[in-house]
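Quick one: sequence plus predicted model below, questions after.
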Amino acid sequence: MATGQHKDQQTRDSELLELAIDEAYQGVKEGDGYPFGAIIARNGEIIVKTHNKVHRHTDPTAHAEVTAIREASQKLGKYDLSDCEIFASCEPCPMCFGAIQVAKLKRLVYGSEAEAAVAIGFDDFIADGVRGTSVWQKPSVSIFCAAGEQGKRAKEVFLKTAANFKFESYLENGGECVTE
């Protein structure tokens with residue numbers, strides 16, 4: 001890739017990642033779910049801009065990335081999104097990572113490492129269980145994590161919205177499901 005093309009891609013990636021981070025804030029503001037945002041783009045054009053909608057849809061699978069994949073598939077009329085890229089405000093959980101693989105998205109660009117979400121109470125025990133294996137998270141997409149100010153901003157969304165959420169860890173309850 002020529003230097004000019006590389007810089008153009010970096011600029012485009014940065015702009016789309018900023019929109020994904022903004023979506024994370026928007027989702028919390030609207031009360032739709034947790035602070036995660038996602039963008040799906042094709043050839044630089046935004047196909048879908050969305051956020052976590054777990055609360056809105058009363059659906060534990062309505063994570064930002066899964067919601068984006070569902071909406072993009074509907075909009076494009078296909079489930080093979082191999083000509084598209086996904087931009088996520090945070091490193092995807094195993095479920096979302098799996099959905100990204102199944103949808104065949106060609107690139108994943110994310111802002112914050114999952115540890116930023118875990119630090120404010122998101123339970124990442126599933127990821128811990130599969131991390132480091134070649135079976136569950138063997139990527140077939142190019143993966144990039146933001147650095148510098150953008151990476152810092154992507155992490156800040158968790159710190160700035162943490163007070164909006166109460167987390168109960170599955171493991172803290174002895175592996176028992178808690179019902180209210």
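Happy to help now that I have it.

So what touches stretch 152-167?
Stretch 152-167 is contacted from outside by 17, 21, 24-25, 28, 34-35, 89-90, 110-113, 116-117, 119-123, 146, using Cβ atoms under 8 Å, 6 or more residues apart in numbering. In short, each C-beta sits where N, CA and C put it, glycine included.

Show me the residues you listed that map onto helices.
17, 21, 24, 25, 28, 116, 117, 119 (DSSP state H).

A strand includes residue 143, no?
Yes: assigned with DSSP: H, G, I helix; E, B strand; the rest coil, residue 143 falls within a strand.

Count residues in the vicinity of it, would you?
13 (other Cβ atoms under 10 Å).

Quick check: closest non-adjacent residue to it.
Distances taken as Cβ to Cβ, 6 or more residues apart in numbering put residue 108 closest to residue 143, at 5.0 Å, once the chain neighbours are dropped.

same check, this time on residue 114
Nearest residue to residue 114, sequence neighbours excluded (Cβ to Cβ, 6+ apart): residue 91, at 4.3 Å.

And that neighbour, how far from residue 79?
Going from residue 91 to residue 79 by Cβ to Cβ, to the nearest Å gives 23 Å.

What strands flank the helix or strand that contains the residue nearest to residue 143, and is each parallel or antiparallel?
Assigned by DSSP states H and E, residue 108 belongs to strand 107-112. Strand pairing for strand 107-112, using DSSP bridges, gives strand 85-90 (parallel), strand 142-145 (parallel).

among those strands, which gets the worst mean confidence?
The stretch with the lowest mean pLDDT among these is strand 142-145, at a mean of 76.

for whatever helix or strand comes next after it, which positions count as buried?
Using DSSP H and E, the helix or strand that follows strand 142-145 in sequence is helix 148-161. Using 16 or more other Cβ atoms under 10 Å as the test for burial, helix 148-161 gives 150, 151, 153, 154, 155, 156, 157, 158, 161.
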